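**Student:** Provided below are the primary sequence and the corresponding predicted coordinates.
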Amino acid sequence: MGIGPILRVPVTARETTRPLIGTTGRRVRLGLVQGLDPRYGHLFADTFMSDFSERIAGAGGVPVNLPYDADPEALCHWLSGVIITGGQDVHPACWGGDPAVVGDVDPRDDPMVHDVERDRFEIALVRAALDRDVPVLGVCRGLQILNVALGGTLIPHLPPGSVEHLSMSPPITDGADDHKVRFEPGSVAERIFGASAVTNSWHHQAVDRCGTGLIVTGRTADGVVEAVELPGRPVLGVQWHPEWMERTDPSLNWLVAEANRVSACSPRT
C-alpha cells in the first residue's frame, strides 16, 4: 500500500514570527522517579515545569527547554526571551555567603540542595542575554540569580515576621492577603501589575544588596524585595511564581511582548 500525498498546512506570518522563549530547569537522577524501570535509575533527566510551557504558549510565545549543556552565547543568538526559573538556593560561593551551610549531597539525588552546575549555567545565561539585549524574566530563585549575576548579594534566611514568605500552601494559588506587593510609581512593574498585587510566595532567601544597575521596584509590607528591574532594559525579576498563580499573571505576557518588540527592532543575525 503506497503512502498518500503529504498534507502541507499553510503557515501564517504570525506563526513564523512567534518568539522563542527559553526556560531553565533541573537535572535529576531517574532513580528518583517512582515506578520507573530500575534499569534506568542511574541515568539523568532534565526536568522543566510544564506550567511555564503552557503559559508561554498561551501568551503567544514558543517554549524552549534549556539544558545545562547548551552554550549560553549560542542560545542567545536564537532565543527571543529567557526565563530563569525557581528552585533551590543559589550557592553562597556565587555571592559571598557562608560556605558552611553547603552540604555534600549530590544535587542529582536531591533536587533541593545547591547545584553549582545550574548556578554557573544560569548566571552565564543572564549575562549572555544582557549582552545581546535578549529580554529576561527572573522568577523566584531566578530573581536572585539575576541579582547575583550582576554582583548583588542575598539574605541567606528571612526571619519570621508579619508576612509569610515561605508559604505552606501548595500551588496553584494566588497567595494570601498578607503577601501584598506594592510597586514603585512609574516602574515597569507598576505598569503591568498596577499599584499593588497579592501574590503567592515560596522563598526563604531574598535580595540584600542589588547588583550593578538593578533597582528595587516592588516590596511587601515588611520591606522584603519582591520585584527588581534594570532601567532602560527589558529585564524584570519577580520573587513569586507567575506560572503558579490562579489568575493570569501579566509578567509572562510582558516577556513575550518585549521579545517581539526587541526582535522587531533588531532581528537576530
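**Tutor:** Looks like it came in fine.
**Student:** ok, now how distant is Asn65 from Arg120?
**Tutor:** Look at Asn65 and Arg120: by C-beta to C-beta, to the nearest Å, they are 18 Å apart. All C-beta atoms are positioned from the backbone trio N, CA, C, and that covers glycine.
**Student:** For stretch 137-151, measure first residue to last.
**Tutor:** Its first and final residues considered, stretch 137-151 spans 17 Å by C-alpha to C-alpha, to the nearest Å.
**Student:** Contacts only, for Ser196.
**Tutor:** Going by C-beta atoms under 8 Å, 6 or more residues apart in numbering, Ser196 touches 180-183.
**Student:** Keep only those of those residues that are in strands.
**Tutor:** 180-183 (DSSP state E).
**Student:** what about stretch 49-65, average pLDDT?
**Tutor:** What stretch 49-65 shows for mean pLDDT is 97.
**Student:** for stretch 225-245, that is, sorry about that
**Tutor:** Rounded mean pLDDT across stretch 225-245 is 98.
**Student:** which parts of that stretch are buried?
**Tutor:** 225-230, 233-245 (16 or more other C-beta atoms under 10 Å).
**Student:** one step back: in the contacts of Ser196, which residue is surrounded by the most others?
**Tutor:** The most crowded member of the contacts of Ser196, judged by other C-beta atoms under 10 Å, is Val181 (25 neighbours).
**Student:** Would you confirm that that one contacts Glu226?
**Tutor:** Yes: contact criterion C-beta atoms under 8 Å: Val181 and Glu226 qualify, at 4.4 Å.
**Student:** list residues touching both of the two?
**Tutor:** Taking C-beta under 8 Å, 6+ apart as the criterion, Val181 and Glu226 both touch 199, 218-220, 240.
**Student:** From the residues you listed, keep the buried residues only.
**Tutor:** Members of the shared contacts of Val181 and Glu226 classed as buried by 16+ other C-beta under 10 Å are 199, 218-220, 240.
**Student:** Just give me the closest of those residues to Asp46.
**Tutor:** Nearest to Asp46 among these is Trp240, at 24.3 Å by C-beta to C-beta.
**Student:** and the residue lying closest to the closest one once chain neighbours are set aside, how far is that from Gln239?
**Tutor:** The shortest distance from Trp240 to any non-neighbouring residue, by C-beta to C-beta, 6 or more residues apart in numbering, is to Thr199 (3.8 Å). According to C-beta to C-beta, Thr199 and Gln239 sit 8 Å apart.
**Student:** Mutual contacts of the two, please.
**Tutor:** What both Thr199 and Gln239 touch, as defined by C-beta under 8 Å, 6+ apart, is the set Glu226.
**Student:** Now Gln239: closest residue in space that isn't a chain neighbour?
**Tutor:** Gln239 sits nearest to Glu226 (C-beta to C-beta, 6+ apart), 4.4 Å away.
**Student:** Identify the residues contacting that neighbour.
**Tutor:** Contacts of Glu226 by C-beta under 8 Å, 6+ apart are 181, 199, 218-220, 238-240.
**Student:** could the residues you listed go into CSV alongside secondary structure and distance to Arg27?
**Tutor:** Formatted as CSV, the contacts of Glu226 follow (DSSP: H, G, I helix; E, B strand; the rest coil; distance: C-beta to C-beta, whole Å):
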residue, secondary structure, distance to Arg27
Val181, strand, 31
Thr199, coil, 28
Gly218, strand, 31
Arg219, strand, 33
Thr220, coil, 32
Val238, strand, 24
Gln239, coil, 24
Trp240, coil, 24
